[in-house]
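**Q** this is a predicted model, with the sequence first.
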Amino acid sequence: MSRRIFAGFLKYHTDMNYPRYDRHQSYQWNYDHAPDPVAVDVPNWPAPITLCGKSLKSPLGIPAGPLLNGRWCLYYASLGFDLVTYKTVRSGVRPCYDLPNLQPVSVEMLQGGEADVPIQNQMTGSWAVSYGMPSTEPEVWCADVRLTRELLPEDKLLSVSVVGTIQPDWTLQQLADDYALCARLAVESGADFIEANFSCPNVSTCDGQLYQNPSDCLTVVEKIRQQIGSTPLIGKIGRIMDSTAMQQLLSAIHPFVDALAMTNSIATRVRKADGSYLFDGEMRGICGKATLDASVEQTHMAKQLIEENQFDLDLIGVGGASCLEDVQRYLAAGASAVHLATAAMEAPEIGLNIKSAKAS
């Protein structure tokens, strides 16, 4: 690390203690104790980027997950992130799973298909995520999204993640209608982007695995598009390991989506020290550094197929990025933007550090 870069690194690590998500506290506690925006000098990215036809000051953003409400969005926007994503909302109230919601795991790079990973006490870059996509009622999150967009600087953009809530007797069309309802409400409340969550390993219903069924995914994105007009639509997908499956998904949904965000964690079971399984043996998404290589590879695979087929789709790299080098790997693989979750939750100043390194 050059002396100049190191000086910038020290500046953002020593000037103040940035509040962060407390994984030892409940989801509701963290929701209620969101930090306020901070006044810091944000280094400039060398040139603006374009995502889904919209201009952003840098490729750095926060995906769905860390930003529980508008105050969390405003906080991370003040720390140099230019596209912030409001955590996934539903058409009705959904409580969060019990603790632990973020369980550190001992793991190197994952590819997908691993049987399990062991837990550990110390966070060293990767954790199992177990929230279950909680949500407040629409009246609450709509008002919060509206206020957030009003308070965000004009050069910051707000994405809202939405998901349908499957009921026991529902058809696929009813699920699509529910996705579309949430998307329409978010747009009416001021969202600049809609992100449809088609991948959540922490739920066992079909709404969490839609990306694995291209025809069902098509039904949903077509309905969402009818309700949101020209607002950019991002589809968030999980791990896809072969090009045939990726081709099928891209071919099905590309007329209706503007971008894909990948990869939303890598699913596996989480093993305790005594050999039994946490979360009743159910799969959980592993997020953080362990997903970097697989997600960069998947981004590259998707970009090649997009170019070969001349699809009009942007890509957002998600998973494991924690420094400028990681961001540059995603951009080189074909991503237009790179979103940080785990690393940003652990070190909220990371966007400042990356921008400082880029400017040096």
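**A** Yep, it's here.
**Q** what count of nearby residues applies to residue 30?
**A** Residue 30 has 20 neighbours, counted by other CB atoms under 10 Å. Just so you know, the C-beta spots here come from the backbone N, C-alpha and C atoms, and that holds for glycine as well.
**Q** correction: residue 277
**A** Neighbour tally, residue 277, other CB under 10 Å: 16.
**Q** next one: it, what pLDDT does it get?
**A** Residue 277 carries a pLDDT value of 98.
**Q** next one: residue 199
**A** pLDDT at residue 199 comes out at 88.
**Q** can you pull the contacts of it?
**A** Applying CB atoms under 8 Å, 6 or more residues apart in numbering to residue 199 gives the contacts 208-211, 236-238, 264-265.
**Q** between the residues you listed, which sits nearest residue 196?
**A** residue 236 (6.8 Å; CB to CB).
**Q** for the closest residue to the closest one other than its chain neighbours, helix, strand, or coil?
**A** Once flanking residues are discounted, residue 236 sits nearest to residue 261: 4.5 Å by CB to CB, 6 or more residues apart in numbering. Under DSSP: H, G, I helix; E, B strand; the rest coil, the three-state class of residue 261 is strand.
**Q** got the contact list for residue 261?
**A** Taking CB under 8 Å, 6+ apart as the test, what residue 261 contacts is 63, 195, 234-237, 315-316, 318, 339.
**Q** now do the helices in the stretch 51-200 of the chain.
**A** 70-78, 138-151, 172-188 (DSSP state H, counting those that start in this stretch).
**Q** got the angle for the second one vs helix 172-188?
**A** Counting by axes from the mean of the first three to the mean of the last three CA atoms, to 10 degrees, helix 138-151 lies at 40 degrees to helix 172-188.
**Q** list the buried ones in helix 138-151?
**A** Across helix 138-151, burial judged by 16 or more other CB atoms under 10 Å covers 138, 141-142, 144-149.
**Q** same thing with the last one?
**A** Applying a neighbour-count criterion of 16+ other CB under 10 Å, one finds 172, 175-187 buried in helix 172-188.
**Q** for residue 298, state which of these is nearest.
**A** For these, the nearest to residue 298 is residue 179 (23.3 Å; CB to CB).
**Q** surely the closest one and residue 224 touch.
**A** Yes - counting by CB atoms under 8 Å, residue 179 touches residue 224, with 5.6 Å between them.
**Q** just to revisit the earlier point, minimum distance to residue 255: which of the helices of the stretch 51-200 of the chain has it?
**A** Nearest to residue 255, of all the helices of the stretch 51-200 of the chain, is helix 172-188, at 15.5 Å by CB to CB.
**Q** which residues sit against that closest one?
**A** Under CB under 8 Å, 6+ apart, the answer for helix 172-188 is 86, 89-91, 138, 142, 145, 160, 162-167, 194, 196, 206-207, 216, 219-220, 222-224, 226-229, 231, 233.
**Q** try it again with 7 Å
**A** The contact list for helix 172-188 (CB atoms under 7 Å, 6 or more residues apart in numbering) reads 89-91, 138, 142, 145, 160, 162-166, 194, 196, 207, 216, 219-220, 223-224, 226-228, 231.
**Q** check stretch 123-132 too.
**A** Residues beyond stretch 123-132 that count as contacts (CB under 7 Å, 6+ apart) turn out to be 27, 96-97, 100-105, 107, 202-203, 265, 270, 279, 284-290, 342, 346.
**Q** of the residues you listed, which belong to strands?
**A** The strands, defined by DSSP state E, take in 102-104, 270, 284-288 from the contacts of stretch 123-132.
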